[in-house]
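Colleague: I would like the atomic coordinates for the input below:
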Amino acid sequence: MTNPKNEGEPARADALIMTAEELRDYADKIDTARASTAFKDMRTAEDARKMVMDKMSKPIVVTDEMRASLLTRVKAAAAEGKSELKVLQFPVELCTDLGRAINNNEPEWPDTLTGVPRQAYEAWRDRLKPAGYRLTASIVEWPHGMPGDVGMFLGWSKPKAL
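Modeller: Presented below is the predicted three-dimensional model:
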């Protein structure tokens with residue numbers, strides 16, 4: 001067997017074994033590559049979150065198609081035996097208190113909403129609450145132990161008697 005680096009020289013049996021230093025260098029390169037990939041993934045996620053924040057911070061025009069889609073989703077959930085449906089998920093940054101009132105289930109939590117979440121709350125208050133629907137909100141994502149996203153849930157079952 002010959003050494004491919006130095007043609008004509010016999011290959012060393014221990015050439016297939018890395019020194020500790022070579023293994024450390026190799027492991028460092030792998031760690032660096034993983035960190036780079038993780039950083040890119042974090043950056044992509046952060047960019048997507050910023051885009052959602054930007055889009056949801058401004059009021060939207062609610063179309064008939066959007067109303068029909070919600071009705072279809074509610075009917076499908078009811079047909080499956082469910083009594084509520086998550087109708088919106090948004091970053092806590094769209095709450096003036098970063099979700100504190102929602103997390104503590106304070107009655108004035110709707111006052112902290114801004115942008116599209118505020119608009120959704122007002123649509124429920126003006127049109128769906130009189131029809132007997134309820135609206136609740138809770139923190140649904142906890143990245144690094146901190147509130148991340150809020151979910152708004154539309155419910156239609158009768159309240160349970162105490």
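
Colleague: so where's this protein shaky on pLDDT?
Modeller: 1-16, 18, 159-162 (pLDDT under 70).

Colleague: kindly recompute the last result at 50.
Modeller: For the chain, the stretches flagged by pLDDT under 50 are 1-2.

Colleague: how about the helices of it, start to end?
Modeller: 20-56, 64-79, 100-103, 115-123 (DSSP state H).

Colleague: buried ones in the shortest one?
Modeller: Neighbour counts over helix 100-103 (16 or more other Cβ atoms under 10 Å) mark 101-103 as buried. Any C-beta I mention is one placed from the backbone N, CA and C, and that applies to glycine too.

Colleague: that one: how far from the chain's middle?
Modeller: 18 Å (Cα atoms, centre = their mean, to the nearest Å).

Colleague: which strands or helices does it pack on?
Modeller: Applying 3 or more Cβ pairs under 8 Å, 6 or more residues apart in numbering; DSSP states H and E, we find helix 100-103 packed against strand 134-141.

Colleague: if you count neighbours, what's buried in the strand it packs on?
Modeller: 134-135, 137, 139.

Colleague: tell me what that strand is packed against?
Modeller: strand 84-91, helix 100-103, strand 149-155.

Colleague: show residues contacting the last one.
Modeller: By Cβ atoms under 8 Å, 6 or more residues apart in numbering, the list of residues contacting strand 149-155 from outside reads 74, 83-92, 94-95, 99, 102, 117, 120-121, 124, 128, 133-141.
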